[in-house]
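Chemist: Fold the following.
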Amino acid sequence: MIPEPTPVQLQFLGGAGTVTGSKILLKTSHYQVLIDCGLFQGLKQLRLLNWEPLPLNIEELDAVILTHGHLDHCGYLPVLAKNGYAGPIYSTPPTRDVAEIILRDSARIQEEDASQANAGGYSRHHPAKPLYTERDVDRTMPLFETHEDAEWVIINEDFKFCFRKSGHILGSAMVELKCQGRKFVFSGDLGRRRPLLMEPPVPVKETDFLVLESTYGDRLHSAVTPYEELAEVVNHTYAKGGVLVIPSFAVERAQELLLLLNTLRMDKSIPPLPIYLDSPMGINITELYLHHRDWHSLSDDECETMMRDVKRVYKFEETQHVLDRKEPKIIIAGSGMVTGGRVLYYLEQLLGNSQHTVLLVGYQAPGTRGNLLRSGASELKIHGSYYKVQAEVRQIGSLSAHGDQEDLLWWIRHFKAPPQRVFLNHGEPQASESLRLKISDTLHWPVSIAEAGRIYDL
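Modeler: This next block holds a predicted model:
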């Protein structure tokens with residue numbers, strides 16, 4: 001007689017009702033694993049959650065499994081390690097490398113921000129402290145254990161899993177997990193059917209429970225190609241004699257922009273403007289494409305095209321000289337949602353002049369400066385001071401690394417049978433609800449929107 005499976009509990013500790021702070025706890029009577037361990041970003045009430053203790057006993061946590069290296073999926077790991085976690089952190093090889101670059105950059109920025117706040121006296125905390133430091137990242141990185149795509153990994157008697165390529169960024173993967181005779185699939189962030197740099201998400205044929213992201217669950221991406229959209233903005237800014245500054249995510253987005261811009265320069269669709277990549281993290285991530293050739297769709301020639309005639313800016317002292325020459329130019333600088341990084345320096349210098357253009361090229365979470373710019377804010381607060389927004393602000397939607405509603409439906413239609421239950425996470429309420437209705441109405445699957453903190457008995 002086959003014994004009945006014991007209850008399994010699913011709990012969303014982040015990434016529910018929002019697109020940040022992704023953390024999903026899966027727990028049996030003996031073991032527990034965490035899928036992703038992300039940092040909350042955006043609105044202050046979300047960022048404050050980073051300082052609150054997780055509702056779990058870290059000593060009882062058996063493993064962390066990362067879907068990819070974006071900060072909202074891995075950025076809380078140093079806090080976990082600082083608080084005593086010493087178990088494995090499972091990831092793909094590129095995700096491990098991406099995560100190290102991103103975590104070290106995050107720690108450095110936090111330390112610098114705390115130092116500037118203390119020097120400038122504009123923090124309410126005395127003294128201001130970083131959430132974690134580079135020393136905490138040093139504690140974190142030895143815990144990583146990497147595994148290739150489709151390689152099954154046994155964690156313990158209750159859990160085994162494998163990664164499946166998700167097409168989102170370099171190294172990204174969904175998690176296919178087996179637990180006591182039941183199968184779970186965690187999508188992580190899913191890429192598009194026809195991505196620029198990645199292969200499309202790998203179809204999965206069956207699962208009992210599906211946790212599906214819903215970032216763009218309420219919209220469709222532009223039908224205009226990114227080449228056309230980008231060329232129009234570049235040529236428009238050049239005609240004004242201005243500078244085009246592009247706040248960019250260091251992972252995938254910066255590489256897409258470089259490939260697109262250099263291709264446009266080569267076929268003379270845009271003038272031969274100087275291109276500056278002012279993102280040490282973006283430079284380092286770009287180099288990873290040469291080391292992980294099995295995890296993207298670019299040829300060697302295309303990898304070389306990305307960095308052709310691109311001026312790399314490493315030190316902040318160099319940043320201060322990029323604008324010395326007044327000719328039109330293109331500047332790609334972090335961060336993508338304008339929450340920190342080198343782009344803040346350029347905005348301080350350029351926002352007050354309508355000759356210049358700020359181009360937003362990715363998702364802008366509520367509460368970020370990028371979202372304020374997208375919404376038409378008349379001023380922006382940077383380093384304790386306010387700057388009038390007179391520069392032209394543009395946005396293009398064809399570069400998103402997330403699948404839109406049609407992409408998500410295309411991927412889930414590969415399942416041979418409906419899951420017992422679908423949970424939608426990683427989306428603002430409107431996006432999640434729109435996708436829930438679409439799945440329910442067209443596929444008639446049992447689908448729920450994940451609630452933060454609620455324990456689901458499965």
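Chemist: Show me what counts as buried in the longest helix seen in the chain.
Modeler: Criterion DSSP state H: the longest helix present in the chain is helix 93-120. Neighbour counts using 16 or more other CB atoms under 10 Å place 93-111, 114, 117 of helix 93-120 among the buried residues. Every residue, glycine included, has its C-beta placed from N, CA and C.
Chemist: Now do that helix, average pLDDT.
Modeler: Mean pLDDT, computed over helix 93-120, is 89.
Chemist: any idea which helix or strand comes after it?
Modeler: helix 134-140 (DSSP states H and E).
Chemist: and for that following helix, what are the contacting residues?
Modeler: The contact list for helix 134-140, computed with CB atoms under 8 Å, 6 or more residues apart in numbering, reads 77-82, 89, 100, 103-104, 107-108, 111.
Chemist: With distance to residue 290 added, can I get those residues in CSV?
Modeler: Shown next, in CSV, are the contacts of helix 134-140 (distance: CB to CB, whole Å):
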residue, distance to residue 290
77, 26
78, 27
79, 32
80, 31
81, 29
82, 33
89, 25
100, 17
103, 21
104, 20
107, 25
108, 24
111, 30
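Chemist: which two from those end up farthest apart in space?
Modeler: Across these, the longest distance by CB to CB is 22.3 Å; it joins 89 and 111.
Chemist: Domain ranges for this structure, per the record?
Modeler: 9-219+401-457, 226-395 (automatic domain parsing).
Chemist: Show me what whichever strand or helix holds residue 79 is packed against.
Modeler: In the assignment (DSSP H and E), residue 79 maps to helix 77-82. Packing partners of helix 77-82 (3 or more CB pairs under 8 Å, 6 or more residues apart in numbering; DSSP states H and E): helix 93-120, helix 134-140.
Chemist: Which one, of those, ends up nearest to residue 456?
Modeler: So among the helices and strands packed on helix 77-82, helix 93-120 is nearest, using CB to CB, at 26.6 Å.
Chemist: mind checking how far that closest one is from the chain centre?
Modeler: 15 Å (CA atoms, centre = their mean, to the nearest Å).
Chemist: list the helices and strands it packs on?
Modeler: Applying 3+ CB pairs under 8 Å, 6+ apart, one finds that helix 93-120 contacts helix 71-74, helix 77-82, helix 134-140, strand 144-146, helix 280-291.
Chemist: Just the buried positions in the fourth one, please.
Modeler: Same thing as strand 144-146. Quick answer for strand 144-146 (16+ other CB under 10 Å): 144, 146.
Chemist: Paired strands for it, with orientation please.
Modeler: strand 89-91 (parallel) (DSSP bridges).
Chemist: Work out for me the element residue 331 sits within.
Modeler: Going by DSSP H and E, residue 331 is in strand 330-333.
Chemist: hey, C-alpha coordinates of the helix or strand following that strand in PDB?
Modeler: Next helix or strand after strand 330-333 toward the C-terminus (DSSP H and E): helix 343-350. Output of helix 343-350 as PDB, limited to C-alpha atoms (Å, rounded to 0.1, in the frame of the first residue of the first chain):
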ATOM      1  CA  VAL A 343      23.400  57.600 -14.000                       C
ATOM      2  CA  LEU A 344      22.500  59.900 -11.000                       C
ATOM      3  CA  TYR A 345      25.600  62.000 -11.800                       C
ATOM      4  CA  TYR A 346      24.500  62.500 -15.400                       C
ATOM      5  CA  LEU A 347      21.000  63.300 -14.400                       C
ATOM      6  CA  GLU A 348      22.200  66.000 -12.000                       C
ATOM      7  CA  GLN A 349      24.000  67.600 -15.000                       C
ATOM      8  CA  LEU A 350      21.500  67.000 -17.800                       C
END
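Chemist: Can you name the element that comes right after helix 343-350?
Modeler: With secondary structure assigned by DSSP H and E, helix 343-350 is succeeded by strand 357-360.
Chemist: other SSEs contacting that following strand?
Modeler: Against strand 357-360 (3+ CB pairs under 8 Å, 6+ apart) you get helix 226-240, strand 244-247, helix 369-374, strand 392-395.
Chemist: Kindly state which of the ones you listed is positioned closest to residue 189.
Modeler: That would be helix 369-374 among these, by CB to CB, at 17.8 Å.
Chemist: Can you spell out which helices and strands pack onto that closest one?
Modeler: Under the contact criterion of 3+ CB pairs under 8 Å, 6+ apart, helix 369-374 touches strand 357-360, strand 379-382, strand 392-395.
Chemist: can you rerun that using 7 Å?
Modeler: Helix 369-374 sits against strand 357-360, strand 379-382, with contacts defined as 3 or more CB pairs under 7 Å, 6 or more residues apart in numbering; DSSP states H and E.
Chemist: chain center to that helix: distance?
Modeler: Using CA atoms, centre = their mean, the offset of helix 369-374 from its chain centre is 17 Å.
Chemist: Buried residues, that helix. List them.
Modeler: Per 16+ other CB under 10 Å, helix 369-374 contains these buried residues: 369-374.
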